[in-house]
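Asks: Sequence and predicted model, in that order:
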Amino acid sequence: MKGRNVLVTGATQGIGLAIALRAAREGAEAIVIAGRDPAKAPKAVEAVESAGAACAFIAADLEDAHAPGAIFDFALKRFGRVDALVNSAGATDRGALVDADLALWERLYAVNARAPFFLMQRLVNHLRSRGAPGSIVNILSVHAHGGSPPLAVYASTKAALAGLTRNTAHAHRFDRIRVNGINVGWVDTPAERQMQAVTLGLGEKWLAEASARQPSGRLLDPHDVARLAIFLLGDASGPMTGSIVDQEQFVIGAFG
C-alpha cells in the first residue's frame, strides 16, 4: 500500500477501522475515513495517524443519495487524489420476505448497493482521467449466497453488490483497475454486539454462546477481515480481479 491514498467507508469502528489501520501500517500515504457518527471520529483518526498515515474524516449518511459524491469530493480536496477504495459501510437491519416494508428495502439498498456503486463510479472515472491503476475491495457477506430468512433484504443487497463487483472488474480490467470482494462470515464488531445483545434482545451471553458454535471457538475478528482486504487491495494480489472470497469458518455448500 506504500504511497497510496485510500478511501474507506464505515471506518470509525469495526471492519472499516481495522482496514484503515492495516492500510496505514502497510505504508498508505493518506486515508479518508467516512462514517455516520462524528463522535467516534477523533479517536479513529488519531489511531490511523498513529499507525503511520495522514487521515481525515467526513461525516456522511449513505442513505443520502448525495453522500457518495460529497465523500469523494472531500477526499480529492483534502489529499488531491484517490488510489483505492474500500466499501465497508453496511446496514444489517432485519427484514424477511413476509414482513419487510418499502422503507427498509430502500434504506438497505441505498447504503449497501447504491452508495458503493456511485463511489466506484467516481473512483473509476477519476483513475481513468489520470491514466492510473487502482483497486477496490467491497465488503460483502456470506448471506449473498442466500441468507437466513430474517435477512432477506440484506442478503439481496449483498448479492447485488457482488454482481456489481464482478461487472466493474470485467468492464475495467484493461484500465488496470482491480475490483474484488469479501463475503464475510459472522464478525464480532461493535455494531454486531449492539444488534445481538440489544436490538435482538439476546443479552451479553450471546457472544460466548455464538463463539462456542464456531469451529475456531470464536467469531471472526475485524482484523481477520482487514488482513484479507489489504491483500486484495494491494500489489500482493495482483493481477487478480473479479474474485469474491468467502471468509467463513463453514464451507458454503458442504453437508454432513
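Replies: Nice, thanks for sending it over.
Asks: which residues in the stretch 151-256 of the chain form strands?
Replies: For the stretch 151-256 of the chain, the strands defined by DSSP state E, counting those that start in this stretch occupy 177-184, 244-247.
Asks: right, so those: which one is the most enclosed?
Replies: strand 177-184 (a mean of 25; mean count of other C-beta atoms under 10 Å). Using the backbone N, CA and C atoms, a C-beta is placed for each residue, glycine as well.
Asks: Note down every partner strand of that one and its orientation.
Replies: strand 134-141 (parallel), strand 244-247 (parallel) (DSSP bridges).
Asks: and those strands as CSV, adding mean pLDDT and distance to A54?
Replies: Below are those laid out as CSV (pLDDT from 0 to 100; distance: least, C-beta to C-beta, whole Å):
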stretch, mean pLDDT, distance to A54
strand 134-141, 98, 19
strand 244-247, 98, 29
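Asks: Nearest to P222, out of the ones you listed?
Replies: Nearest of the strands paired with strand 177-184 to P222, taken as C-beta to C-beta: strand 134-141 at 10.4 Å.
Asks: ok, and for that closest one, which residues are buried?
Replies: G134, S135, I136, V137, N138, I139, L140, S141 (16 or more other C-beta atoms under 10 Å).
Asks: what do you get for stretch 202-220?
Replies: W206, L207, A210, R218, L219, L220.
Asks: Could you give the number of residues near the closest residue to G146 other than its chain neighbours?
Replies: Of all residues not flanking G146 in the chain, A155 sits nearest, at 6.5 Å (C-beta to C-beta, 6 or more residues apart in numbering). For A155, the count of nearby residues is 21 (other C-beta atoms under 10 Å).
Asks: Quick check, A155 in contact with A144.
Replies: Yes. Counting by C-beta atoms under 8 Å, A155 touches A144, with 6.3 Å between them.
Asks: about what we covered before: which of the buried residues of stretch 202-220 sit farthest apart?
Replies: W206 and L220, at 15.3 Å, using C-beta to C-beta across the buried residues of stretch 202-220.
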